[in-house]
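> just a sequence and a predicted model for now, questions to come.
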Amino acid sequence: MHRVKIHQGDITKLEVDAIVCASEDCIGFAAEAAGENSSEGEVSITAANNLSAEFVIHTLGPVWRGGDQREEEQLAYCYNQIMDVAKQQNIKSIAFPAISCGVSGFPTRRAVKIAIREVNQALRQNPLLESVVFCCFDPVTTALYRTQVGK
C-alpha cells in the first residue's frame, strides 16, 4: 500500500482523520480561539466540527521573500511540526494543501520537493500514520506532486 497519495479537489471533502489548513484565516481562527498570536511555522489543532475529518491542523507557511530569508528551512519546519502533532494525536490519515504555494509566492516546484521529502522522512519514523494525501487545486501542481512522489 502506498502511504502517500495525490488528489486534486476539495480538501474538506476527503475522508481523513485530519486536514491541514495553511491560510492566514485558519491560523487566525486557531490563535483567536487559543487567545494568542501566531507566526509562520507554528501549529495548532482544533476539532473539525462540521467537516468529515476529526481534526484541523492549523499552520501558517512562510511567505516567499526571494529565497534568502530561510524560507525553505521554515517550510520544512512547518511540515515537521504538523507531522509531530499528527504523531502525538495518533492520527492515521492526514491531508495537506500545497502549503505556501499560491498567494504566499513560494515556487511550487521547490515547495513540492520540500513537502515530499519532509513527509517521507516523518513516515519512516511513524509507522502508525497510514495515509498522507496531498490535495491540489490545479492540474499543474497535481502533476508536480505526482512526479516528485514517483522519484
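Structure received. Computed from a predicted model, the values in this text were never measured in an experiment. Residues are numbered from 1 along each chain as shown.
> so which residues of the chain form helices?
24-34, 71-88, 108-125, 139-149 (DSSP state H).
> so what's the residue count around the nearest residue to Glu54 once chain neighbours are set aside?
Spatially, and ignoring its direct neighbours in sequence, Glu54 is nearest to Asp17 (5.3 Å; Cβ to Cβ, 6 or more residues apart in numbering). All C-beta spots, glycine's among them, are computed from the backbone N, C-alpha and C. Asp17 sits with 20 neighbouring residues when counted by other Cβ atoms under 10 Å.
> do the same with the one 4 residues further on
Using other Cβ under 10 Å, the number of residues around Cys21 comes to 23.
> where does this protein have low pLDDT?
Where the chain drops to pLDDT under 70, the residues are 1, 24-41.
> next up, the contacts around the residue sitting nearest the centre point of it.
In the chain, the centroid-proximal residue (Cα atoms, centre = their mean) is Phe96; its distance is 3.7 Å. Listed by Cβ atoms under 8 Å, 6 or more residues apart in numbering, the contact set of Phe96 reads 20, 22, 79, 82, 115, 119, 132-135.
> ok, the residue nearest to Glu54 touching Ser52?
No - applying Cβ atoms under 8 Å as the test, Asp17 and Ser52 come out as separate, 10.0 Å apart.
> Ile91 against Val132, yeah?
No - using Cβ under 8 Å, Ile91 is not in contact with Val132, being 10.0 Å away.
> phi, psi for the residue nearest to Glu54 please.
phi -70, psi -40 (degrees, to the nearest 10).
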